[in-house]
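Visitor: Turn this into a model:
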Amino acid sequence: MKRYYNSLVCLCLLMAAGFTGCDDFGDMNTNPTQSTTMDPALQLVQVQARFSGDLESNERVSTFLCMPMVQQLGGAWACQYGGFYVKQQQYMSILWELNYTNDILNIVDAVSRAKEDNKKPNLYNILRIMKVYLFARLTDLYGDIPYSQASAGYTQKIVRPEYDRQADIYTDFFKELTEASTALDASRDNVSNDQFYHGDVAKWKKFANSLHLRLAMRLVKRDAALARAEAQKAFNRGVFQSNDDICKMTHADILNNYQDVRGNGLSASISQGELVPYRYNQVFLDALRNTNDPRLDHIGKYYIDKPYAFMERTDITPQVKAVVGITGCKNGDFVWDDWKNTFTIQVPGIGSYDVGNNTQKMQLANFLIANNAPFLHLTYAETELLLAEACFRWGLNLNGDYQAHYNRGIEAAMKQLSVYPGGPQIPDAAIAKYKTDNVVAPGKELEMINHQLWVALFMNGPEAYANWRRSGFPRLTPGYKPGYSSVNTIPRRFEYPLSEKEQNAENYNKAVQNMDGKKDDWTGRVWWDKE
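Guide: Numbers count the residues shown, from 1 in each chain. Here you go, the predicted model:
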């Protein structure tokens, strides 16, 4: 296995149809391995689509690991890896293995290619922002990673890249986002193929700055002064101002397989197969119920499953809820644990129906896991809640105090559900009541702000996992399961792939020596995740 060190893989193939804004894909008959003909604009489309469209990485990283680890999902057999901490090296490795051979290879090459074209400065700077975004997901999960020499096997014959320290990577992130967002110019080239904002330079600026804010707040435990300074810089350049600024990927109404990336890969990972096996973790449901969260009435449903046609499931929420209330899978349980006795209900158009154990455990509403559900990369709600924390921590006034940002974040998070096709419109009155019922309590400011982030980041497993690690909230009890669990604590990072230990051993070992405890273990911490 030569992995990403020796060759340039086939680029930009599956993107000829299925996405909005893809009006010009050039000559698709051109040999994609001919480097002189690659269009960096198409490489941008490729990496944007794969981020949320790739079924394999979204399945392993989000639904197998991250969402169960932050106790949002549970019940399914595959939830044991993140929910009960059953170590599976293959699943921790998949993002690294797929990203470096596909997305990182594409983005590094595209940035280099676009830099040489002085007629397309906006494309160049959008690619720089996208490069930071892709690498941020990797370094936040693994820690030190190949960064400055990533994909250098293709350009410089460096087949065993060195690992950059995460602190240095973050320094470069801030530099790149600052330079790229500042350089974007609406009077220059239009990047029409862009899948996030269709070339809207003003929104790309806000995305870069809001991403800068997110990454700055990662450092609150490691370097509070640097976090504050970078957060202030991001705000000064202009962050998201409304839900119209949300960075999202719009997917086609296609059920993904392991080759097609046009549909929503996260949706496919949850819905594929005969039945929908995933259920809500009771911890998540209780947190919403205990705060009288109106979102709970919309995102959680009881269904009669329809094999191989999950979007045609029959909603029996009122009848089942009247009997069992709000019931998911207990933390540390499979769906068949905590067995529920069958009872019978009357369903219009169906008649008498026996509600068994599985049906009594709450599922994700159809609109959240439809094939064409958008993937929300970074939202106005997240930005406002991060500003709330920044204002509270440092006494800043960033267009309002922390309570104002907190309230705006709550409202935005509830209203962002309407971004989904078929998603609910939470009434203003319900939002106002929720804010009244959940006023920030003295001494619980950080806990309550990050509770809202935990809920707002639902359906973005890696980000919810990162925010939990950097903030410490919500306070989660490990889902230890005797006979299954490899450890009795929630893991803090992903271990490096076995291929790195074998094929890049010298640089891998240097990276391990830089880690706390000098051990590549998933209970260790990345640099910014300071105790």
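Visitor: if I pick Lys481, what's in contact with it?
Guide: Shown in contact with Lys481 (C-beta atoms under 8 Å, 6 or more residues apart in numbering): 80, 84, 332-333. C-beta: built from backbone N, CA, C; applies to glycine.
Visitor: Any idea how many residues pack against Asp337?
Guide: 13 (other C-beta atoms under 10 Å).
Visitor: Can you list the residue ranges for helices in the stretch 301-450 of the chain?
Guide: 317-324, 380-394, 402-415, 428-437, 445-456 (DSSP state H, counting those that start in this stretch).
Visitor: Please work out the angle formed by the directions of the fourth one and helix 402-415.
Guide: Our comparison of helix 428-437 with helix 402-415, counting by axes from the mean of the first three to the mean of the last three C-alpha atoms, to 10 degrees, yields an angle of 140 degrees.
Visitor: coming back round to it: out of the contacts of Lys481, who's nearest Asp516?
Guide: Phe84 (24.4 Å; C-beta to C-beta).
Visitor: okay, who's weakest in the contacts of Lys481 by pLDDT?
Guide: Lowest pLDDT among those: Gly332, with 93.
Visitor: Spatially nearest residue to it (excluding sequence neighbours)?
Guide: Using C-beta to C-beta, 6 or more residues apart in numbering and skipping the chain neighbours, the partner closest in space to Gly332 is Gly479 (3.9 Å).
Visitor: Can you give me every residue that contacts the residue nearest in space to the middle of the chain?
Guide: Nearest to the mean C-alpha position of the chain, counting by C-alpha atoms, centre = their mean, stands Asn460 at 3.3 Å. Going by C-beta under 8 Å, 6+ apart, Asn460 touches 62, 375-377.
Visitor: Got a PyMOL select line for the buried ones in those residues?
Guide: Only the buried entries of those go into this PyMOL selection, using 16 or more other C-beta atoms under 10 Å:
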select buried, resi 62+375+376+377
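Visitor: From the contacts of Asn460, pick the one nearest Glu179.
Guide: His377 (20.8 Å).
Visitor: my guess is the closest one contacts Cys247, does it?
Guide: Yes: checked against C-beta atoms under 8 Å, the pair His377 and Cys247 is within contact range at 4.3 Å.
Visitor: Please identify every residue contacting each of the two.
Guide: Phe196.
Visitor: in the stretch 201-350 of the chain, what spans have low per-residue confidence?
Guide: Confidence mapping of the stretch 201-350 of the chain against pLDDT under 70 gives the ranges 273-276.
Visitor: show me where it has strands.
Guide: 247-249, 279-280, 300-301, 303-304, 314-315, 343-347 (DSSP state E, counting those that start in this stretch).
Visitor: Please name every helix or strand in contact with the third one.
Guide: Judged by 3 or more C-beta pairs under 8 Å, 6 or more residues apart in numbering; DSSP states H and E, strand 300-301 is in contact with strand 363-364.
Visitor: How about residues contacting the strand it packs on?
Guide: 270, 276, 278-280, 299-303.
Visitor: Excluding chain neighbours, what is closest to Gln72?
Guide: Closest to Gln72 by C-beta to C-beta, 6+ apart is Phe284, at 4.8 Å.
Visitor: ditto for Ile104
Guide: Ala150 (5.4 Å).
Visitor: is it true that the one you found touches Arg160?
Guide: No: using C-beta under 8 Å as the test, Ala150 is too far from Arg160 to be in contact (11.9 Å).
Visitor: okay, those two: which has more neighbours?
Guide: Ala150 (23 against 16).
Visitor: secondary structure class for that one?
Guide: coil (DSSP: H, G, I helix; E, B strand; the rest coil).
Visitor: what's the answer for Pro161, then?
Guide: coil.
Visitor: Neighbours of it, how many?
Guide: The burial count for Pro161: 21, using other C-beta under 10 Å.
Visitor: repeat for Asp428
Guide: Neighbours of Asp428 (other C-beta under 10 Å): 11.
Visitor: got a pLDDT number for it?
Guide: Reported pLDDT for Asp428: 98.
Visitor: Contact partners for it?
Guide: Applying C-beta under 8 Å, 6+ apart, no residues contact Asp428.
Visitor: With Gln272 instead?
Guide: Contacts of Gln272 by C-beta under 8 Å, 6+ apart are 55, 255.
Visitor: how near is it to Tyr302?
Guide: 21 Å (C-beta to C-beta, to the nearest Å).
Visitor: can you check Asn372 too?
Guide: Counting by C-beta to C-beta - Asn372 and Tyr302 are separated by 23 Å.
Visitor: ok, those two, which is more surrounded?
Guide: Tyr302 (23 against 18).
Visitor: re the thing from before, hmm, which two among the contacts of strand 363-364 are most spread apart?
Guide: The widest separation within the contacts of strand 363-364 (C-beta to C-beta) is 16.3 Å, between Ile270 and Tyr302.
Visitor: In the stretch 151-300 of the chain, what residue spans correspond to helices?
Guide: 152-155, 166-183, 201-217, 224-237, 265-271, 282-290, 296-299.
Visitor: and of those, who's closest to Tyr258?
Guide: Per C-beta to C-beta, nearest to Tyr258 of the helices of the stretch 151-300 of the chain: helix 265-271, 9.4 Å.
Visitor: Would you mind naming the helix or strand containing the closest residue to Lys131 other than its chain neighbours?
Guide: Closest residue to Lys131 in three dimensions, ignoring its sequence neighbours and counting by C-beta to C-beta, 6+ apart: Ile107, at 4.7 Å. Ile107 belongs to helix 104-115 when assigned by DSSP states H and E.
Visitor: Which other helices and strands does that helix contact?
Guide: Using 3+ C-beta pairs under 8 Å, 6+ apart, helix 104-115 sits against helix 40-53, helix 121-142, helix 152-155.
Visitor: okay, it in PDB with CA atoms only?
Guide: Presented in PDB, the C-alpha positions along helix 104-115 are these (Å, rounded to 0.1, in the frame of the first residue of the first chain):
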ATOM      1  CA  ILE A 104      -6.000  16.700   0.700                       C
ATOM      2  CA  LEU A 105      -4.300  15.700  -2.500                       C
ATOM      3  CA  ASN A 106      -6.800  17.700  -4.500                       C
ATOM      4  CA  ILE A 107      -6.800  20.800  -2.300                       C
ATOM      5  CA  VAL A 108      -3.000  21.100  -2.100                       C
ATOM      6  CA  ASP A 109      -2.700  20.600  -5.800                       C
ATOM      7  CA  ALA A 110      -5.500  23.100  -6.500                       C
ATOM      8  CA  VAL A 111      -4.100  25.800  -4.300                       C
ATOM      9  CA  SER A 112      -0.700  25.400  -6.000                       C
ATOM     10  CA  ARG A 113      -2.300  25.500  -9.500                       C
ATOM     11  CA  ALA A 114      -4.600  28.500  -8.800                       C
ATOM     12  CA  LYS A 115      -1.700  30.500  -7.300                       C
END
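Visitor: Quick one: mean pLDDT for it?
Guide: 96.
Visitor: Check what pLDDT the nearest residue to Gln452 once chain neighbours are set aside gets.
Guide: Of all residues not flanking Gln452 in the chain, Leu385 sits nearest, at 5.4 Å (C-beta to C-beta, 6+ apart). Turning to Leu385, the model gives it a pLDDT of 98.
Visitor: list the contacts for Leu385?
Guide: So Leu385 contacts 405-406, 409, 413, 449-450, 452-453, 456 (C-beta under 8 Å, 6+ apart).
Visitor: Would you check that the residue nearest to Lys131 makes contact with Met130?
Guide: Yes: the criterion here is C-beta under 8 Å, and Ile107 meets it with Met130 at 6.0 Å.
Visitor: Residues that sit against both of those two, list them.
Guide: 44, 47.
Visitor: Distance-wise, check Pro348 relative to Asp315.
Guide: Counting by C-beta to C-beta - Pro348 and Asp315 are separated by 11 Å.
Visitor: Can you pick out the residue with more neighbours from those two?
Guide: A direct count of neighbours by other C-beta under 10 Å for Pro348 and Asp315 places Asp315 higher, at 14 against 8.
Visitor: Do I have it right that that one meets Asp305?
Guide: No: counting by C-beta under 8 Å, Asp315 stays clear of Asp305, with 11.4 Å between them.
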